[in-house]
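Q: what's the 3D shape of this:
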Amino acid sequence: MAPIIKSVFGGGGGVANLAYTASPTQGTVTSDTGTDAIIPAADGTNAGLFLPAEKTKLAGIAEGAEVNVNADWNASSGDAQILNKPTLGTAAATNSTDYATAAQGAKADTAVQPAAIGSTVLAFDSNLQSFVNAFTLPTTDGTAGQSLVTNGAGVISFATPAILADPVYIGGVAYFNRSTKPTERSSGVALVAGDRWYKTDDQTEWSWNGTYWLSLTEFLLSIPEIVGQTANQVLRGSSAATTGSIFVDRLVHQTAVLNSTNTATNYWTLAVQVSGVSTTTISTQNAVNYPHQQVSLGLVIPARSAIPTGGSVVFTPLGQTSRQWLGMTTLGTDVYACVYGGDIYKQTNGTGDFLPLGQISRIWRGMTTLGTDVYASVDGGDIYKQTNGTGNFVALEQTSRAWRGMTVLGTDVYACVYGGDIYKQTNGTGDFLPLSQTSGQWVEMTVLGTDIYACDFGGDIYKQTNGTGDFLPLSQTSRLWHGMTVLGTDVYACVYNGDIYKQTNGTGDFLPLSQTSRLWVGMTVLGTDIYASVFDGDIYNTSRVIDTVGHSARVTTTRVGTQTTSLYSAMSLTYRKVL
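A: Reported below is the predicted structural model:
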């Protein structure tokens, strides 16, 4: 190190030789007479030596360079311009969250797509997942007839089900599942009331009542309504669709009497039979009001073979004198028939000959009955009435018309006119007023329930529904329709010089009964017998060639006392089949 300075201090004289030693981090001033001095590098507080690294940094700054220049992607010149920028695709404009992560798929197109959920990818179901977690499931199908079973330890597999015992006991009740009738629970063990049987051959269900197997299904035996009747009569209900024994369960009815108060001596009885077996008798004796009533019966009616429900109907001649018979009607158990240009005749109690009532000879045409009164119409004349079924037929002083057939709905009397209108007398009194129907060759009428039928000679059969509105055609083949009547729910119509036809259950076409062609003109019903008169011939009633048999209900009404009352009744019987 070469001396760099000589120093003379004080008056005492003397000379100090100084020298400087450089290094990368600091400088040292040495003295041959005293202590050396170190010059440190400059820092953020004090001045000092300029380090080599700082010298290098300063040398690398270009002339005019600026500090903290912000780059601008869109700048095309100047310090903010970014050089050599890459060309970006459309991904640059989207959100990174729109893309699958590495955890979701090796590549974006292998990730689950929204459209696949519910189609090729099942949506998550917590219940299903719990089921899968809880059980070990089979991976191959079982064989036909097998079902899935669990071993109780979380393993599900296919297995052939064990055959259940027959019967199965549930709550003390034996349940049978077979085609044959059970006679005991097991060998030596008797059936118990309430046991059940599913009959596999016809899929019906039965219950053991302690004596019989009874069908769980109930069936109806309906009985025609009685509307304002004042004479004794016999009504036949519908037939059961079975030839076996039946269990008559109960009778439901509402029976009422109008026009007077029932007393101990003046009332009605209605005796109800099923296939000749008496079930109950209803009485209005001392009745004050008439609610719906249910009568428990619980009767077994044995299998029958003598109650016809179908088959061929044959009209048998009664051997009456040949006359120009026309209209017919019944009152109680008596049958009336009128003769064109002659008398009116009556058969008493439905047996024997028709005997003359000594009426003036007229062109009698139609007949009907309201209560105990019998009506008869005269062609080109008046309408006549016999009161209470006795005495002469008295004119009602109606306008002379070509009166033909007559019928009754409730307390109203209807009469039709050949080549004219249909007329009604309200409540059995006053004049017959026109109903403004299209003029037709009207010849006869009848009533089923609340519907009124009228036939057109050489045309169609017409019906007025519920006793109101117009008579509308039933689109039957044009024939010389003449007499009409009703038995149960079936409507009968005869054809002059043709057959006798029947409409079943009040619906559909009138179908032929294959009777001998005759000049059939009048019809009526007494009990279950149908009467038909022949012009210039005999009077016939029905017998049956039985094809099928079954049970039927019959009601016999009897008026006790002398006071006139009007009987109204609606009833039905319920039954179960017996095995």
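
Q: Please make it C-alpha for all contacts and neighbour counts, starting now.
A: Fine.

Q: these two touch, right, Ala190 and Pro182?
A: No: using CA atoms under 8 Å, Ala190 is not in contact with Pro182, being 10.0 Å away.

Q: So for the two, which residue has more residues nearby?
A: Pro182 (18 against 11; other CA atoms under 10 Å).

Q: Model confidence score at the more buried one, please.
A: pLDDT, Pro182: 95.

Q: element containing Gly34?
A: For Gly34, there is no host helix or strand (DSSP states H and E).

Q: what is the nearest residue to it once chain neighbours are set aside paired to in the beta sheet?
A: Ranked by CA to CA, 6 or more residues apart in numbering and with sequence neighbours excluded, the top spatial neighbour of Gly34 is Ala16, at 7.9 Å. With DSSP bridges as the criterion, Ala16 is bridged to Ser7.

Q: What's the local residue count around Ala16?
A: Per other CA under 10 Å, the neighbour tally for Ala16 reads 14.

Q: correct me, but it touches Ser31?
A: Yes: the criterion here is CA under 8 Å, and Ala16 meets it with Ser31 at 6.6 Å.

Q: what number of residues lie near the residue nearest to Thr399 when sequence neighbours are not counted?
A: Ranked by CA to CA, 6+ apart and with sequence neighbours excluded, the top spatial neighbour of Thr399 is Asp382, at 6.5 Å. Asp382 has 19 neighbours, counted by other CA under 10 Å.

Q: State the distance from Asp382 to Val394.
A: Distance from Asp382 to Val394, counting by CA to CA, to the nearest Å: 10 Å.

Q: for this protein, what spans make up the helices?
A: In the chain, the helices defined using DSSP state H lie at 52-59, 126-134.

Q: Can you spell out the domain ranges of the protein, please?
A: Residue ranges for the domains of the chain, per automatic domain parsing: 168-215, 219-309+552-577, 311-546.

Q: So for the first one, first residue to last residue, what's the gap.
A: Chord length of domain 168-215, first to last residue, is 20 Å (CA to CA).

Q: roughly how far out does that domain sit from the chain middle?
A: 30 Å (CA atoms, centre = their mean, to the nearest Å).

Q: Apart from its chain neighbours, what residue comes closest to Leu49?
A: Closest residue in space to Leu49, ignoring its immediate chain neighbours: Ala41 at 4.3 Å, by CA to CA, 6+ apart.

Q: residues contacting that neighbour?
A: By CA atoms under 8 Å, 6 or more residues apart in numbering, the contact set of Ala41 is Thr25, Gln26, Ala47, Gly48, Leu49, Phe50, Leu51.

Q: at 6 Å instead, please
A: For Ala41, the contact set (CA atoms under 6 Å, 6 or more residues apart in numbering) comprises Gln26, Gly48, Leu49.

Q: cool, and Trp206?
A: Residues in contact with Trp206 (CA under 6 Å, 6+ apart) are Arg196, Trp197, Trp213, Leu214, Ser215, Leu216.

Q: Strands - which of those land there?
A: Arg196, Trp197, Trp213, Leu214, Ser215 (DSSP state E).

Q: can those go into TSV with extra columns for distance to Gly154, pLDDT and neighbour count?
A: Output for the ones in strands among the contacts of Trp206, formatted as TSV (distance: CA to CA, whole Å; pLDDT from 0 to 100; neighbours: other CA atoms under 10 Å):
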residue	distance to Gly154	pLDDT	neighbour count
Arg196	36	96	24
Trp197	37	94	25
Trp213	45	95	24
Leu214	45	94	21
Ser215	44	93	21
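
Q: what's the burial count for the closest residue to Val257 other than its chain neighbours?
A: Nearest non-adjacent residue to Val257, counting by CA to CA, 6+ apart: Leu567, 4.8 Å away. Leu567: 24 surrounding residues under other CA under 10 Å.

Q: what are the bridge partners for Leu567, then?
A: Beta-bridge partners, per DSSP bridges, of Leu567: Gln229, Val257.

Q: Now for it: which residues touch it?
A: Leu567 sits next to Gly228, Gln229, Val257 when contact means CA under 6 Å, 6+ apart.

Q: Good, wrapping up.
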